[in-house]
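1. structural data only, the sequence is not supplied:
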């Protein structure tokens, strides 16, 4: 699973909530051929005011997408856009993109109040599921017109996504963003008419289901088992054909951010916590010193002003947690590490020299899963570089990259 694209969804939820009642368009990469800056599942949110939150390319698509998003917001219906960036003469965008790939982006209308009725909105309920630690699947039917942009020949002309219900539509040799107001020059001539309910259905792993199943092929009872299989697969995104060739569903995984527990609130952890939070870890800082364990030093973290042994007695470390031991106190670090040895978390690292960690675990050897010294081996010196090296190792471990030898 590519963690970065899953984390895009948590960022999108935060941005959508911050925009309040503003209508928005959500752009999701649903297919990539060749090379591209982001992978399938990457997201960005575009507000009614044109402001964008997040990126799905290195800038190649962001110039055009706000215009398309405005059209989607105006008509209330989604569209699928295929950007062909493989042209050898690099003229289709008026500049050298050099991406050498084709990217399909699904753009759909959304707002924080979607499905609220008299209660919480669908997005608020999805956020609540994540806050209680539940994963969930967002399922909706692929709809709307399909356009090809930057195509160089007829083979790259506008056509439906292979699993879309939209009819095929011929395209010009090279549709450009500078299309003017002509609906036949890459506009949204197929998107007019009645606004659609495109919010879809949410299915949480703890059994909660909310939203609309209309048009999702629920008649023969195949949907919920299919969503369960998708959850079990660990995939971040999938396109699933509906029975009897009735179109396709877009399935996306929403997953709570990884929990990072930092024991120690010394000055050297401040930048580390900011970087980890920016990398979408849900950070908890544990330190008994209230003057240090404060929002003034850690505005992006949950703060627990307790001694580590008290915290550990009240809060067992979850098996999927990331843990950093950075109290700078040998006795405290030893208590924490001893507890971790009894129930290893997903990741644990200890600040300091290897020999110090050997004394922490003595007479036992240092287990291979305990990162000591913590951090990627980049020759880091000083708190800023050490913070970068530690967060780099956290990200590598989260994404499943091979760890350096102990």
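-> All right, it came through fine. Keep in mind that what you see is a predicted model, and the values were worked out from it rather than measured.

2. so what's residue 307 closest to, chain neighbours aside?
-> For residue 307, ignoring the flanking residues on the chain, the nearest one in space by C-beta to C-beta, 6 or more residues apart in numbering is residue 288 at 4.7 Å. From N, CA and C alone the C-beta is placed, and that goes for glycine too.

3. show me how far stretch 386-400 is from its chain's centre.
-> 17 Å (C-alpha atoms, centre = their mean, to the nearest Å).

4. neighbouring contacts of it?
-> Contacts to stretch 386-400, defined as C-beta atoms under 8 Å, 6 or more residues apart in numbering, come from residues 2-4, 258, 260, 268-269, 271-272, 275-276, 279, 281, 322, 324, 346-347, 349, 351, 371, 374-378, 380, 403.

5. pLDDT of it, averaged?
-> Across stretch 386-400, pLDDT averages out at 95.

6. show me where the stretch 301-406 of the chain has its helices.
-> Ranges of helices in the stretch 301-406 of the chain, per DSSP state H, counting those that start in this stretch, are 308-314, 330-342, 354-361, 382-398.

7. toward the C-terminus, what is the element adjacent to the lowest-mean-pLDDT helix or strand in the chain?
-> Using mean pLDDT, DSSP states H and E, strand 145-149 stands out as the lowest-scoring helix or strand of the chain, at a mean of 68. Next helix or strand after strand 145-149 toward the C-terminus (DSSP states H and E): strand 201-204.

8. mind giving me the packing neighbours of the helix or strand following that next one?
-> Sequence-wise, the next helix or strand downstream of strand 201-204 (DSSP H and E) is strand 209-211. Judged by 3 or more C-beta pairs under 8 Å, 6 or more residues apart in numbering; DSSP states H and E, strand 209-211 is in contact with helix 122-131, strand 201-204.

9. confirm for me that residue 280 is in contact with residue 256.
-> No: under the criterion of C-beta atoms under 8 Å, residue 280 is not in contact with residue 256, lying 10.3 Å apart.

10. mutual contacts of these two, please.
-> residue 10.

11. which residue ranges of the stretch 1-150 of the chain form strands?
-> Assigned by DSSP state E, counting those that start in this stretch, the strands in the stretch 1-150 of the chain fall at 24-34, 43-47, 52-53, 79-84, 101-110, 136-141, 145-149.

12. could you save those strands as TSV and add columns showing mean neighbour count and distance to residue 331?
-> Putting those into TSV (neighbours: other C-beta atoms under 10 Å; distance: least, C-beta to C-beta, whole Å) gives the following:
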stretch	mean neighbour count	distance to residue 331
strand 24-34	21	50
strand 43-47	24	46
strand 52-53	18	45
strand 79-84	25	58
strand 101-110	22	52
strand 136-141	23	42
strand 145-149	24	63
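
13. if we can go back for a sec, so which of the helices of the stretch 301-406 of the chain gets nearest residue 204?
-> Proximity to residue 204 (C-beta to C-beta) singles out helix 382-398 among the helices of the stretch 301-406 of the chain, at 22.2 Å.

14. thinking again about what came up before, looking at this, the residue nearest to residue 307 is in a helix?
-> No: counting by DSSP: H, G, I helix; E, B strand; the rest coil, residue 288 falls outside a helix, being coil.

15. how near is it to residue 309?
-> The gap separating residue 288 from residue 309 is 10 Å, by C-beta to C-beta, to the nearest Å.

16. quick one: residue 336 and residue 308 touch, right?
-> Yes: applying C-beta under 8 Å as the test, residue 336 and residue 308 come out as touching, 5.2 Å apart.

17. what touches both of these two?
-> Listed contacts common to residue 336 and residue 308 are 263, 327; contacts here mean C-beta under 8 Å, 6+ apart.

18. out of the two, which sits in the more crowded spot?
-> Neighbour tally, residue 336 and residue 308, criterion other C-beta atoms under 10 Å: the higher count belongs to residue 336, 28 against 23.

19. any chance of the helices of the stretch 301-406 of the chain in JSON lines with distance to residue 39 as columns?
-> What follows is the helices of the stretch 301-406 of the chain, written out as JSON lines (distance: least, C-beta to C-beta, whole Å):
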{"stretch": "helix 308-314", "distance to residue 39": "37"}
{"stretch": "helix 330-342", "distance to residue 39": "33"}
{"stretch": "helix 354-361", "distance to residue 39": "36"}
{"stretch": "helix 382-398", "distance to residue 39": "15"}
